[in-house]
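Undergrad: I need the structure of the sequence given here:
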Amino acid sequence: PTHVSSLATSPTLTKPGGSDQSEAEERNKELQTGIKITEKQYAILKNFKKELKIPEIGVPQDTGIKDDTTLFRFLSGKKWDISDALEQYRAMLKWREDMKVDDIFKWEEDNMDKCKAIKDLYPSEHYGFDREGRPLLVHRIGLIPAETFAERVDRNVFKKYHIAKFERMLNVCRSQSKKLKKPIYQITVIVDAQGLSFGHRHYKPFFTASSSIDKQNYPEFLSSVTVINAPWVLPTIYGLVSHLIDPNTRNKVTFFQDDYGDTLRKKIDMKEIPKDFGGACEKELPVPIVSTKNEEGLETETISMMSSWEVTKRCKDPKGGRFAWVFKLEAYDINFRVEFKGKDDKDFKVIQSLEQVKKHEGEHDFKTPGEIKLVFDNTYSYLTSKTVQYLIALHNNASDEDGFGVSTRKSTTGTKKE
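TA: Numbering: from 1, shown residues only. Take a look at the predicted model:
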């Protein structure tokens with residue numbers, strides 16, 4: 001195969017065959033054997049080491065970042081394109097120097113109060129191991145009190161905290177490799193999304209920061225990500241942040257509203273799965289120290305009987321972006337229409353129209369500045385007013401920033417600027 005990052009065991013690399021059997025045996029002994037790669041891949045690895053001035057043999061395999069495991073992750077992450085892998089690896093070396101990653105645990109000791117403040121608000125724990133021996137992490141992102149988190153946590157401190165967490169997991173992987181006598185170089189993650197809402201938009205700058213670190217400096221470190229208890233708003237939220245995640249990682253993410261037990265049990269022994277997720281492990285799941293809000297972060301508007309109401313949002317980004325929207329009614333239904341007007345359009349054009357719906361979510365990509373309009377039409381109802389909870393989100397292509405809320409709200413009684 002040309003891409004073998006999905007294999008369960010892998011890091012030390014052995015050349016298949018070879019004319020010099022004694023040399024191959026010596027190399028196998030030095031590297032303690034590992035995954036088999038093709039002759040072409042072995043040649044790429046050899047050239048990769050040569051370009052980086054890393055000895056072909058004699059490098060410790062359980063410490064540092066010059067071991068075969070790390071080199072394998074960078075090469076396989078770039079599908080064995082040596083130029084791309086070299087660029088990424090060298091950028092990683094510079095990043096580690098700038099961030100003083102080799103001293104990250106010393107930094108952690110010197111900033112225990114700041115780290116504890118993050119840990120208190122971000123319920124995430126190492127929760128045992130999967131069936132292959134990989135570390136198992138549980139993230140309960142739906143419980144993060146996002147607004148409080150954004151108010152109390154410095155983004156640069158969070159970056160250091162995240163780096164320390166990943167470096168610690170790398171050490172756990174190395175320890176597992178020694179214990180199990182096979183290479184372990186990835187982690188398995190369960191994400192509990194119960195409680196996730198648009199109120200968690202306040203956490204997005206931190207997600208952006210950590211995703212950027214992971215994508216550039218820890219390629220192929222994730223074996224799988226299983227998202228459970230997914231709320232109805234998750235597809236829209238994920239659509240706004242998925243571009244931040246490495247494409248290889250995106251392919252490893254699966255989503256479940258419920259009925260995820262079989263999937264977890266295939267990867268993880270029952271005794272390691274938290275009891276709340278259908279397993280037998282009695283260890284308590286992590287929870288934030290402060291209580292979270294119950295609101296979903298949506299705007300609310302009451303639309304009178306026999307009337308309609310519209311809300312618009314504008315994007316001035318010259319490269320365009322993506323509008324995403326969600327709405328729901330606790331009772332009854334309503335007619336709904338989405339219209340868009342691009343930079344060169346004279347009038348709004350209808351891009352979606354639905355009749356008598358109770359909830360809906362969607363998104364629209366565009367390449368120029370533009371304006372979107374959501375129209376809630378209750379003119380068909382002669383007796384009942386409708387209360388709509390909604391939100392429009394904007395991702396700007398050029399600035400890589402999000403805007404939430406609305407710019408203009410209009411009903412039959414006039415227009416209100418916010």
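Undergrad: quick one: contacts for S177?
TA: Residues near S177 by CB atoms under 8 Å, 6 or more residues apart in numbering: 11, 62, 183-185. (Each C-beta comes from the backbone N, C-alpha and C, glycine too.)
Undergrad: again, but for Q216
TA: 88, 91-92, 95 are the contacts of Q216 under CB under 8 Å, 6+ apart.
Undergrad: Let me know the pLDDT of it.
TA: pLDDT for Q216: 95.
Undergrad: which SSE is it in?
TA: helix 204-217 (DSSP states H and E).
Undergrad: likewise S224?
TA: strand 222-228.
Undergrad: Quick one: residues contacting P55.
TA: K49.
Undergrad: Q186 now?
TA: With CB under 8 Å, 6+ apart, Q186 has these contacts: 134, 173, 220-223.
Undergrad: Show me which of the residues you listed is closest to Y382.
TA: Looking at these and their distance to Y382, the nearest is L222, at 54.8 Å (CB to CB).
Undergrad: in the strand ranked longest in the chain, what's buried?
TA: In the chain, assigned by DSSP state E, the strand with the most residues is strand 386-396. By 16 or more other CB atoms under 10 Å, the buried positions in strand 386-396 come out as 386, 388-396.
Undergrad: mind listing what it pairs with, with the direction of each?
TA: strand 299-303 (antiparallel), strand 321-329 (antiparallel), strand 402-404 (antiparallel) (DSSP bridges).
Undergrad: in the stretch 1-150 of the chain, which spans are helices?
TA: With DSSP state H, counting those that start in this stretch, the ranges of helices along the stretch 1-150 of the chain come out as 21-31, 39-52, 68-77, 82-99, 104-110, 112-121, 146-152.
Undergrad: Select, out of the ones you listed, the one closest to I372.
TA: helix 146-152 (24.6 Å).
Undergrad: ok, and what's touching that closest one?
TA: So helix 146-152 is contacted by 117, 121-122, 199-203, 205-206, 290, 293 (CB under 8 Å, 6+ apart).
Undergrad: so for it, what's the average pLDDT?
TA: 89.
Undergrad: again, but for stretch 190-199
TA: 91.
Undergrad: Alpha carbons of that stretch, as CSV, please.
TA: Output of stretch 190-199 as CSV, limited to C-alpha atoms (Å, rounded to 0.1, in the frame of the first residue of the first chain):
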residue,chain,number,x,y,z
ILE,A,190,-14.7,9.7,22.3
VAL,A,191,-16.4,13.1,22.0
ASP,A,192,-19.6,13.4,24.1
ALA,A,193,-21.5,16.2,22.3
GLN,A,194,-24.6,16.2,24.6
GLY,A,195,-25.4,19.8,25.4
LEU,A,196,-23.6,21.2,22.5
SER,A,197,-25.3,24.3,21.1
PHE,A,198,-24.6,27.6,19.3
GLY,A,199,-23.7,29.0,22.7
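Undergrad: Provide a list of residues in contact with the closest residue in space to S210 that isn't next to it in sequence.
TA: The shortest distance from S210 to any non-neighbouring residue, by CB to CB, 6 or more residues apart in numbering, is to H162 (4.7 Å). H162 makes contacts with 209-210, 213, as judged by CB under 8 Å, 6+ apart.
Undergrad: Just the buried ones out of the contacts of Q216, please.
TA: Once neighbours are counted (16+ other CB under 10 Å), the buried part of the contacts of Q216 comes down to 88, 92.
Undergrad: Nearest to F256 among the contacts of Q216?
TA: Looking across the contacts of Q216 and measuring by CB to CB, the closest to F256 is Q88, at 32.1 Å.
Undergrad: Tell me how many other residues crowd the closest residue in space to that closest one that isn't next to it in sequence.
TA: Once flanking residues are discounted, Q88 sits nearest to F74: 6.0 Å by CB to CB, 6+ apart. By other CB atoms under 10 Å, 23 other residues sit near F74.
Undergrad: residues contacting F74?
TA: With CB under 8 Å, 6+ apart, F74 has these contacts: 85, 88-89, 92, 219-220.
Undergrad: before we move on, back to that, next helix or strand past the strand holding S224?
TA: Counting by DSSP H and E, the next helix or strand C-terminal to strand 222-228 is helix 234-241.
Undergrad: which other helices and strands contact that next one?
TA: Contacts defined by 3 or more CB pairs under 8 Å, 6 or more residues apart in numbering; DSSP states H and E place helix 234-241 against helix 204-217, strand 321-329, strand 359-366, strand 386-396.
Undergrad: between the ones you listed, which gets nearest to G279?
TA: Nearest to G279, of those and by CB to CB, is helix 204-217 at 26.5 Å.
Undergrad: Report the angle between the closest one and helix 68-77.
TA: 110 degrees (axes from the mean of the first three to the mean of the last three CA atoms, to 10 degrees).
Undergrad: Using CSV, write out the CA atom coordinates for helix 204-217.
TA: Output of helix 204-217 as CSV, limited to C-alpha atoms (Å, rounded to 0.1, in the frame of the first residue of the first chain):
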residue,chain,number,x,y,z
LYS,A,204,-14.3,28.4,18.6
PRO,A,205,-11.1,30.5,18.8
PHE,A,206,-9.7,27.9,21.1
PHE,A,207,-10.8,25.1,18.8
THR,A,208,-9.1,26.9,16.0
ALA,A,209,-5.9,27.3,17.9
SER,A,210,-5.7,23.6,19.0
SER,A,211,-6.7,22.3,15.5
SER,A,212,-4.0,24.4,13.9
ILE,A,213,-1.4,23.0,16.3
ASP,A,214,-2.6,19.4,15.7
LYS,A,215,-2.7,19.6,12.0
GLN,A,216,0.8,21.1,11.6
ASN,A,217,2.7,19.4,14.4
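Undergrad: Show me what counts as buried in it.
TA: Applying 16+ other CB under 10 Å to helix 204-217 flags 204, 206-211, 213-215, 217 as buried.
Undergrad: Kindly report the same for stretch 333-342.
TA: 333-341.
Undergrad: who touches that stretch?
TA: 303, 323, 325, 327, 347-358, 360, 362, 364, 366, 368-380, 386, 388.
Undergrad: Buried only: go through those for me.
TA: The buried subset of the contacts of stretch 333-342 - by 16+ other CB under 10 Å - is 303, 323, 325, 327, 348, 360, 362, 366, 369-378, 386, 388.
Undergrad: rewinding a little: export the contacts of H162 to CSV and append columns for distance to T236 and pLDDT.
TA: Listed next are the contacts of H162 as CSV, based on distance: CB to CB, whole Å; pLDDT from 0 to 100:
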residue, distance to T236, pLDDT
A209, 22, 94
S210, 21, 95
I213, 25, 96
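Undergrad: Relative to I237, which of these is nearest.
TA: Using CB to CB, these come closest to I237 at S210, 15.9 Å.
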